[in-house]
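Novice: pasted the sequence and its predicted model underneath.
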Amino acid sequence: MNFYEKLADIFEEDVTDETILKDLDSYDSLSILSIIAMCDKDYHITVTASEIRALDTVGDLKAFIESRK
Amino acid sequence: MAVSQFNHVKISGIEYVVPNNICRNVDDYLHFFDNNPKKLQRAKKIIGYGTRYSAPEGVTASDICEYAANTLLSKINMDNKSIDVLIFVSQSPDYFAPPSSQVLHKKLQLSESCAVFDVTQGCTGYVYGLWLASSLIESGAAKIVLLCAGDNTYIDPEFEQKGKSLLFSDAASATLLEYSEDIVKSHYYIGSKGEGYESIIFPAGRNRLPVSEKILKTVITDKDGNKWKLHEGFMDGLAVFDFTMNTVPEHIAGLMQSSKYSIDDIDFFAIHQANKQIVKTVAEKAGIPESKYSVETFSKYGNHGGISCLSNLIDIYADNIKNKMQKVALISYGTGLSWASAVLDIGNIYCSGIQLTHFEPERNHNEEFEYWVNKISNYSASK
């Protein structure tokens, strides 16, 4: 699965770089938890909940993960 | 860093009891998920919500421990009078004072030469209890120690919270530890991060903020819409998740390094069942293969607080430790924030799996209230 497919799996709907995270129906503590787990398992980076919460869009999340690799 | 190695302490038996008077299933709690079945299914998939059990009103962790201890001692033919020390580990004691260990001392009819004390420890309670018991035995201060550990969560029927009703469940245990002439190895690795003490906390109810009418009446709604009462506990779930993700895998590496064992040497890792996602992520990050740990106990029984790593061991691995010597790691973390883990040589012991048991209270809350009003109003030192 690529990055967008993984996020679609977490949020149970399709996303693009422009998607605003907080506008997603299933953006909640469960999805933040799943993103943290995904970062760890698939990208081998450790991120915190507050770092994820500070991001606006899917594109920001992608750039954030790239910057930490 | 508290790192300890013991060579002459054996575990002779473990009894694990779950009160099954009240059984809750996540499927009956659709209202916690905005009445949206999709949200409920998603939470089940990620968190692993399932079945939860509770004791009836008026039955406490010490009552369940009493039953577990009596069953254990009779099954292994141990005379209650030969216990040197009783340790009661719980976050849900019967009273402010006296310690519940004194109540158990009476109910279990232990010897007057037996030392008893309580340990108020959260999620790491069971490992702390084993560590203390082992220290007493290895130092020669005691030969036989009975460790009673368990928690019960009182759920106010008028104020059900998602966390309390669906994460936590009641259970208690009794473990007998004895001096062994033969070498039996155990290794402990314990640490603390007091900085995070507000992450899992009951802000009111003790001396910092005693219960008052104002406290009882105040319901606080957080930004996510969850409701809290100060005397019923608060948890910053994501802070706890950050802690477990960052600290616990490192802690497991520290346990392995200090004990000089490799993950290959360990037969089973019994990991504190905080929730499915946490256990899975911690285990993967620590490099524990799937065949050596399990997330199933959380769905079947929920989080048992201080004995939630023991619940996993007994649920998944009881048959193995009953019949042969095994090298088992207990991994616990949580309230404090704290972490405590052990590698134990354990085997050929009495252990009958998780016992679902029906309990009858001696007195319900109202009867308890009447009991004390009567007792004190009839008291006189002079008449």
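Specialist: On my side now, so go ahead. Everything numeric here is computed off the predicted structure, so don't read it as measured data.
Novice: point out the residues in the stretch 251-383 of chain B that sit beside chain A.
Specialist: Proximity of the stretch 251-383 of chain B to chain A, by CB under 8 Å from any CB of the partner chain, involves residues B:Gln277, B:Lys280, B:Thr281, B:Glu284, B:Lys285. For glycine as for every other residue, the C-beta is placed from the backbone atoms N, C-alpha and C.
Novice: what about the first one, how many residues nearby?
Specialist: Which is B:Gln277. Counted with other CB atoms under 10 Å in any protein chain shown, the neighbours of B:Gln277 add up to 21.
Novice: name the next helix or strand following the strand or helix carrying it along the chain.
Specialist: Here B:Gln277 is covered by helix B:276-286, with elements defined by DSSP states H and E. The element immediately downstream of helix B:276-286 (helix or strand, assigned by DSSP H and E) is helix B:296-301.
Novice: coming back round to it: ok, of the residues of the stretch 251-383 of chain B next to chain A, which one's closest to A:Asp23?
Specialist: In terms of CB to CB, no member of these lies closer to A:Asp23 than B:Gln277, at 23.6 Å.
Novice: in chain A, where's the longest helix?
Specialist: Using DSSP state H to assign secondary structure, the helix with the most residues in chain A is helix A:29-43.
Novice: for the very next helix or strand once past that one, which positions count as buried?
Specialist: Heading C-terminal from helix A:29-43, the first helix or strand you meet, by DSSP H and E, is helix A:49-53. Across helix A:49-53, burial judged by 16 or more other CB atoms under 10 Å in any protein chain shown covers A:Ala49, A:Glu51, A:Ile52.
Novice: so the first one touches B:Asp242, yeah?
Specialist: Yes. Contact criterion CB atoms under 8 Å: A:Ala49 and B:Asp242 qualify, at 5.4 Å.
Novice: which residues are in contact with both of these two?
Specialist: Common contacts of A:Ala49 and B:Asp242 (CB atoms under 8 Å, 6 or more residues apart in numbering or on different chains): A:Ile36.
Novice: most distant residue from the middle of chain A?
Specialist: Ranked by distance from the centre of chain A (CA atoms, centre = their mean), the top residue is A:Lys69, with 14.6 Å.
Novice: what sits against that one?
Specialist: Applying CB under 8 Å, 6+ apart to A:Lys69 gives the contacts A:Tyr43, A:His44, A:Ile45.
Novice: what is the neighbour count of the first one?
Specialist: Applying other CB under 10 Å, we find 14 residues neighbouring A:Tyr43.
Novice: which non-adjacent residue is nearest the residue in chain A that chain B sits nearest to?
Specialist: For chain A, the residue closest to chain B is A:Ala49, as judged by CB to the nearest CB, at 3.5 Å. Here the nearest residue to A:Ala49 in space, its sequence neighbours aside, is B:Leu238; by CB to CB, 6 or more residues apart in numbering or on different chains that works out to 3.5 Å.
Novice: so that neighbour: helix, strand or coil?
Specialist: Three-state call for B:Leu238 (DSSP: H, G, I helix; E, B strand; the rest coil): helix.
Novice: tell me what the host helix or strand of A:Gly59 is packed against?
Specialist: Per DSSP H and E, A:Gly59 falls inside helix A:58-68. Where contact means 3 or more CB pairs under 8 Å, 6 or more residues apart in numbering or on different chains; DSSP states H and E, helix A:58-68 is packed against helix A:3-11, helix A:29-43.
Novice: is it correct that B:Thr60 is in contact with B:Thr153?
Specialist: No. Contact criterion CB under 8 Å: B:Thr60 and B:Thr153 do not qualify, at 10.9 Å.
Novice: for the helix or strand of chain B with the lowest mean pLDDT, which helices and strands make contact with it?
Specialist: Of all helical and strand segments in chain B, the minimum by mean pLDDT, DSSP states H and E falls on helix B:162, at a mean of 74. Judged by 3+ CB pairs under 8 Å, 6+ apart, helix B:162 has no packing partners among the helices and strands.
Novice: which helix or strand lies directly C-terminal to it?
Specialist: Counting by DSSP H and E, what follows helix B:162 is strand B:171-179.
Novice: that following strand packs against which elements?
Specialist: Using 3+ CB pairs under 8 Å, 6+ apart: strand B:171-179 touches strand B:9-19, helix B:61-75, helix B:125-139, strand B:144-151, helix B:308-323.
Novice: closest one to B:Ser380 among the ones you listed?
Specialist: Nearest to B:Ser380, of all these, is helix B:61-75, at 29.7 Å by CB to CB.
Novice: now do the helix or strand just after that closest one, average pLDDT.
Specialist: Next along the chain after helix B:61-75, taking DSSP H and E as the criterion, comes strand B:85-89. Mean pLDDT, strand B:85-89: 98.
Novice: quick one: residues in contact with strand B:85-89.
Specialist: Applying CB under 8 Å, 6+ apart, the contact partners of strand B:85-89 are B:62, B:65, B:99-101, B:104-105, B:108, B:110, B:114-119, B:121, B:125-126, B:128-129, B:132-133, B:136, B:141-142, B:144-150, B:306.
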